[in-house]
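Student: Okay, sequence plus prediction incoming.
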Amino acid sequence: LSLSFSRTFFLSQKPLSRTVATMCGIGLVVCESEAACEQNAALLAAELLPRGPDFQRTLVLNVCGRWVGLSASVLHLRGAITQQPVCSEETPQTSSHILVWNGEAFAFGSQELAHDQNDTRQVFERLRACRGDADVLAVLASVRGPFALVFLDRTAGHVWFGRDYFGRRSLCALGLAAGEPAAGERVDSEGAESQHPTSTAQSATQTDSPPAGEIREGPLAAGFLALSSVCFEAAVPPGPGVPAWMEVPAEGMFKLDLRTLALTRHRWGTAALPVPIRPLNCELPIMPAGAGASARAEAVQGTTDSATAAANSEPLDDQHAAAGPAGSLGAAATGLLIRLEHAVRLRVGQMQSVVANGAGMDEWEGSTSAVEESERESQRRAKSEHEGKERSMSLPPVGLLFSGGLDSAVLAALMARVLPPGPIDLFNVAFENIRSAPAAGNVYDVPDRLAGRASLADLRAAFPTHTFRFVEINVTAAELATLKPRVRRLLRPHATVMDESIGCALWCAARGAGTLDGQPYVSPAKILVVGMGADEQLGGYGRHRTALRARGLAGLLAEIARDMARIAHRNLGRDDRVIADHGKEVRTPFLDESVVDYLNGLPLLDKMDLTMPRGLGEKLILRDVVRALGMHTAAALPKRAIQVGGWVGAEKDSGANTHTCTHT
């Protein structure tokens, strides 16, 4: 086995004493010739570099007579930098196992990683110790957190690749054939199959996406494969035999045998790869005729036992009454707050072990009062003010996509609760849109800007020890036209008008370049927290109300399940590609396994009541949480899509999710 070439880029990094944390762009190419492999590996590496500007290495190896290139670009957040690809030996040519990893393993099963453990190394050592397919699948099934990976087992001649169950990290493939039927099927934890709907029919060019669906098992077409966090212009073998770019479906884990080029799929929901969450609670509440707010109260009363059972299903859950006086939380909302705060702590407060520092979920036990908890929080902060200042010096800067709406307001408040006193950057984006602008006033006073300012006042009042930096990101029409080609490139294989509008809004917001108190400002934050996943689980979309009107509660539950089944293909891979282009890591607390598992177990009416008006009934449980956190403005705001609230898509996005973008 020989190493054809290795290239490495370094940026100076001062080693720190805390946990290693990295985000990466990863990829692999499999070719018949060394020259083709080197060419494609170089193209791959160039496209990955923006995702990980701090370290890059590309390896080209001969494995089982095939030429295999692996590349990784690393974004360094803290600690000693993790060099990828990770090799089992000091020299790649003698390494039996090689890993490229883009993810955050917060735990393996119920075992959380200590704050001084390197998750990349932990994943690698577990995979390296595997003695067969069952062992590999057991390791990957145990990971709690977002990931996409490629793992080369040179001894067995196998390449393993895939994404986590929700598909929170992007991984695209060129050379894999989509299965039939076009609308793929996904197996849930009960073994039942649910349809994975398509987003749009598209022409079969190299950069177009086939409908969301399965990957066809069997030999590779043309003996070529490329896997990458982002699509790139690969030098494919001549002829029509290479299938188009597609997102690797988050339907399971895949194994490529390099000897035969045969591809095997292992589905989520099987005994070898169990689903990390419980099935959605589809128990139908009894809704009296003329259902509304009063009817909901009666129906909820009938589901109190179910709510209590869900809240008590894990040892760390609290024991509370289903309802309480003003200033307190019921059982369902308290359980959500516990898990959501824990999820935020894992993603932005990893400097300290949740359990070891006594700042874990069990602090909520014995009290439902948000006021009492706030007092205890103030006492904790007063006691550890000096330590908090020291921690804030070594914590990486953190940002939040902040529309001022319900989801972002909850996350901002929880970030303030888990981080020591210090700055938190709030990114608020607005697009110049003359046709929709107010008759008088600032053209950038869009709905999200106004809501953001109002919620900012609530944040500052509730958390006076923190500095909330409200970054106003204003995008002119001329600038939007200039950046669209870059965004379209990142969106691939997505190509609809709505994808473009959302992509532009996310790309501009994630850049973090705007004004702060009227002065130019570029945020140093590398970690970006987002509210993705809340609407899908808690009835935040208009289609959820449509489903309820057309098909009743059973139809609403089916729509919720459908949204979560397709979130990887419709949203998460796309959003990861766009945001990470700035060398920033996206983190999604609403899609933490414990949060989704808990919400799946709750009765429907504990989470939403879509017979109530907009701004009240959707995400009902989250409105209770945000009020308890002191964010009263956001508690009454209805859902607005990012491309509408910032006006980037206000003119053209109605029904646009099925329209292919034809721009060049």
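Tutor: Good, I have the coordinates. Numbers count the residues shown, from 1 in each chain.

Student: buried ones in stretch 28-44?
Tutor: Applying a neighbour-count criterion of 16 or more other C-beta atoms under 10 Å, one finds 28-31, 34, 36-44 buried in stretch 28-44. Heads up, the C-betas are built off the backbone N, CA and C, glycines and all.

Student: which ones among the residues you listed are found in strands?
Tutor: Here DSSP state E is the test, and the buried residues of stretch 28-44 give 28-31 as lying in strands.

Student: what two of those residues are the furthest from one another?
Tutor: Pairwise distances across those (C-beta to C-beta) peak at 10.6 Å, for the pair 28 and 31.

Student: Touching both of the two, which residues are there?
Tutor: Both residue 28 and residue 31 are in contact with residue 69, where contact means C-beta atoms under 8 Å, 6 or more residues apart in numbering.

Student: can you count the residues close to residue 76?
Tutor: 22 (other C-beta atoms under 10 Å).

Student: so what's it bridging to?
Tutor: residue 22 (DSSP bridges).

Student: thinking again about what came up before, sort out which one of the ones in strands among the buried residues of stretch 28-44 lies nearest residue 347 for me.
Tutor: Closest approach between these and residue 347, by C-beta to C-beta: residue 28, at 27.3 Å.

Student: my guess is residue 137 meets residue 274, correct?
Tutor: No: the pair residue 137 and residue 274 fails to qualify as a contact (C-beta atoms under 8 Å) at a distance of 9.4 Å.

Student: Settle it for me: which of the two has more neighbours?
Tutor: Applying other C-beta under 10 Å to residue 137 and residue 274 shows that residue 137 carries more neighbours, namely 22 against 15.

Student: Could you pull up the residues touching the more buried one?
Tutor: 253, 266, 272-273.

Student: Show me what secondary structure element comes after the helix or strand where it lies.
Tutor: Taking DSSP states H and E as the criterion, residue 137 maps to helix 133-142. Scanning forward in sequence from helix 133-142 by DSSP H and E, the next helix or strand is strand 143-144.

Student: Now do the same for that next one: mean pLDDT, whole number.
Tutor: In this model, strand 143-144 carries a mean pLDDT of 97.

Student: Now the helix or strand following that strand: average pLDDT?
Tutor: As assigned by DSSP H and E, the chain's next helix or strand after strand 143-144 is strand 147-153. On average, the pLDDT along strand 147-153 is 98.

Student: Distance from strand 147-153 to the middle of the chain?
Tutor: Relative to the centre of its chain, strand 147-153 is centred 18 Å away, using C-alpha atoms, centre = their mean, to the nearest Å.

Student: what do you get for stretch 527-547?
Tutor: Averaged C-alpha coordinates place stretch 527-547 at 13 Å from its chain's average position (C-alpha atoms, centre = their mean).

Student: residue ranges with poor pLDDT in the stretch 551-664 of the chain?
Tutor: 640-664 (pLDDT under 70).

Student: Which positions within the strand or helix carrying residue 263 qualify as buried?
Tutor: Residue 263 is part of strand 262-267 when elements are defined by DSSP H and E. Neighbour-count burial for strand 262-267, with 16+ other C-beta under 10 Å as criterion, is recorded at 263, 265-266.

Student: Dump these to TSV, plus distance to residue 539.
Tutor: Converted to TSV, the buried residues of strand 262-267 look like this (distance: C-beta to C-beta, whole Å):
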residue	distance to residue 539
263	38
265	32
266	33
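
Student: Identify, from those residues, the entry nearest to residue 94.
Tutor: Distance from residue 94 was checked for each of these by C-beta to C-beta. The minimum falls on residue 263, at 27.6 Å.

Student: so that closest one bridges to which residues?
Tutor: According to DSSP bridges, residue 218, residue 256 are recorded as the beta-bridge partners of residue 263.

Student: What's the per-residue pLDDT of it here?
Tutor: Model confidence at residue 263, given as pLDDT, is 94.

Student: What separation is there between it and residue 243?
Tutor: Here the distance between residue 263 and residue 243 works out to 12 Å (C-beta to C-beta, to the nearest Å).

Student: Need the overlap of contacts for the two.
Tutor: residue 176.

Student: List the buried residues for the helix of greatest length in the chain?
Tutor: Under DSSP state H, the helix in the chain containing the largest number of residues is helix 542-567. Taking 16+ other C-beta under 10 Å as the neighbour-count basis, helix 542-567 is seen to contain the buried residues 544-545, 547-548, 553, 556-567.

Student: same question, stretch 455-470
Tutor: Buried, per 16+ other C-beta under 10 Å, within stretch 455-470: 455-456, 458-459, 462-463, 466, 468-470.

Student: Dump the residues you listed to JSON lines, plus distance to residue 72 and secondary structure.
Tutor: Rendered in JSON lines, the data for the buried residues of stretch 455-470 read as follows (distance: C-beta to C-beta, whole Å; DSSP: H, G, I helix; E, B strand; the rest coil):
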{"residue": "455", "distance to residue 72": "38", "secondary structure": "helix"}
{"residue": "456", "distance to residue 72": "38", "secondary structure": "helix"}
{"residue": "458", "distance to residue 72": "42", "secondary structure": "helix"}
{"residue": "459", "distance to residue 72": "37", "secondary structure": "helix"}
{"residue": "462", "distance to residue 72": "41", "secondary structure": "helix"}
{"residue": "463", "distance to residue 72": "38", "secondary structure": "coil"}
{"residue": "466", "distance to residue 72": "35", "secondary structure": "coil"}
{"residue": "468", "distance to residue 72": "35", "secondary structure": "strand"}
{"residue": "469", "distance to residue 72": "32", "secondary structure": "strand"}
{"residue": "470", "distance to residue 72": "35", "secondary structure": "strand"}
